[in-house]
Structures are given as structure tokens and as C-alpha cells.
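Asks: just coords:
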């Protein structure tokens, strides 16, 4: 694929990338930033693209990885409250601008987390703190598949225990 063909293919995907980014960020400005960063990274790492493979999947994977890396950095610094269905239900730390309803919601969610069995609660909390699956597995001395399963089950249990917050998980 020539440079011109590569750039044309990338530019023609911009609207699709923007929509995909909006699904991650739920914010138009952040989605635009994510789209621009994805396009820049795709151009920068153009040599890593294998011709005759799915270009769209390659670019969307770049976007997903950028979002995940940014998300993990934000979680570790405690600056995010995530509304997406695939990640977390609560913020990492209480902000000074929280409304009384948000404070009550956080207390309710934390109370339900505390009711989880230790085998689910510990991996869930470690993952929420920003630890990677492998780090959690090593720390707890269990297989990585078990860690993933327990985090998934914890999320499902919390969704079942907190139906009034279902809108946050969608």
C-alpha cells in the first residue's frame, strides 16, 4: 500500500473512527481527541501495517489500545468516573464537586462491593485500582483466567445488586 493509498484509506475512515471513539468516551471533544491521536499513531506506525490484511480492524485496534492506556492512567491517578458498561461502576476517589446524590450512590455501591465474597471482591478492587490481570494473578497466586472470571462475576453481581444504577452500566 502506497503512502497516498494509506492516507486516503485513513482519512475515509475518519467518520467511523469518530463514532467508535464517541462510544468509548461519551464526550464529543474527547472523541475528537481520540480520533486525532489514533490517526497520528496510525501514520506514525504505518510500517507495522501488514498489506492485504484488514486495515479498518488495524486502525480500530490502535484506537481501542490508546483508549485503554489513557483510561488506566486516569484510573491510577483517580481522576475518572466511568459510565461505560465494560469497565467500572464507581470512581476511584471522591471529588470535591460531588453532589449529595453522587455521595449517596458511591456509598451504596461501596457497601455492595463490601458484601461480595472475598474471592470476587479482592480481584475486583485490585483491578479497579489499576492493576493488570497478570499482576493480580501473580499477587493472589491464581491463574489469570480465574482473575478475569472473578472480576467478570463481581461486575455481574454488582449490576444485579444495584439495579437503580443500571443506566451507568449502559
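Replies: Cool, the structure landed. None of these values were measured; they are calculated from a predicted model.

Asks: what's the local residue count around residue 108?
Replies: By other CB atoms under 10 Å, 15 other residues sit near residue 108. No exception for glycine: its C-beta is placed from N, CA and C like everyone else's.

Asks: which SSE is immediately downstream of the longest helix anywhere in the chain?
Replies: Identified as the longest helix of the chain according to DSSP state H is helix 55-77. The C-terminal neighbour of helix 55-77 among helices and strands, as given by DSSP states H and E, is helix 100-115.

Asks: next, the buried residues of the lowest-mean-pLDDT helix or strand in the chain.
Replies: Ranked by mean pLDDT, DSSP states H and E, the weakest helix or strand in the chain is helix 100-115, scoring a mean of 79. The neighbour-count check on helix 100-115 (16 or more other CB atoms under 10 Å) flags 105-106, 109, 112-113 as buried.

Asks: out of these, which one sits closest to residue 22?
Replies: Distance to residue 22 across those (CB to CB) is lowest for residue 105, with 24.6 Å.

Asks: now that closest one: how far from residue 131?
Replies: 24 Å (CB to CB, to the nearest Å).

Asks: got the domain boundaries for this structure?
Replies: Taking automatic domain parsing as the reference, the chain has its domains at 3-77, 100-169.

Asks: show me the contacts for residue 11.
Replies: With contact set as CB atoms under 8 Å, 6 or more residues apart in numbering, residue 11 has no partners.

Asks: any idea of the mean pLDDT for the strand or helix carrying it?
Replies: Taking DSSP H and E as the criterion, residue 11 maps to helix 3-12. In this model, helix 3-12 has an average pLDDT of 90.

Asks: how far does the helix or strand where residue 160 lies sit from the chain's center?
Replies: Residue 160 belongs to helix 144-161 when assigned by DSSP H and E. In terms of CA atoms, centre = their mean, to the nearest Å, the centre of helix 144-161 is set 15 Å apart from its chain centre.
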